[in-house]
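Engineer: quick one, fold the following:
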Amino acid sequence: MDSHTAPTVDVSAFRKAMGSFPTGVTVVTVAHGDGDMHGVTVNSFSSVSLEPMLVLACLNESSRAVGLIERAGAFNVNVLSAGQEDVSSWFANRHRPAGPAMFEVWPSNQASPAARCWSAPRRRSTAGCDSRTAPAIT
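Structural biologist: Prediction:
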């Protein structure tokens, strides 16, 4: 193999290796004034700067959340605890109900522990979130 050829990597081995890397898990929620809501599990999240206060949340550009964040101009970041795997799994499930119904139906009979929620404007701004922001996960 020459120095310009990328090595062949087994996809399942790569998935297993990346899955063993510990990371924080968040649920990004967003709502628009027209009543449209969405939530999605995000583990590609980090702080970027304190001044100005910026965060990075990596979403697939085909996610419903991306377009809704653009329309709403703000989103919530719910930082999940270790005991909230059910919440993480729920918002990662592609077969959950769409819109506000995804916030009304929970996968278990047990109440989930409260998440820490932080509201963020979509762009650099000092404007806070208003009543259009999605509810925090509780």
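
Engineer: run through the chain and note the low-pLDDT ranges.
Structural biologist: Residue ranges of the chain with pLDDT under 70: 1-4, 106-138.

Engineer: now the strands for it?
Structural biologist: Listed in chain order, the strands found in the chain under DSSP state E are 26-31, 37-42, 45-50, 53-57, 74-79, 116-121.

Engineer: out of the ones you listed, indicate the one that is most buried.
Structural biologist: Compared across the strands of the chain, strand 26-31 shows the largest average neighbour count, a mean of 25 (mean count of other Cβ atoms under 10 Å). C-beta: built from backbone N, CA, C; applies to glycine.

Engineer: got CSV for the strands of the chain, with distance to R64 too?
Structural biologist: CSV is the format used below for the strands of the chain (distance: least, Cβ to Cβ, whole Å):
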stretch, distance to R64
strand 26-31, 9
strand 37-42, 5
strand 45-50, 18
strand 53-57, 14
strand 74-79, 12
strand 116-121, 18
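
Engineer: among those, which is nearest V87?
Structural biologist: strand 26-31 (6.3 Å; Cβ to Cβ).
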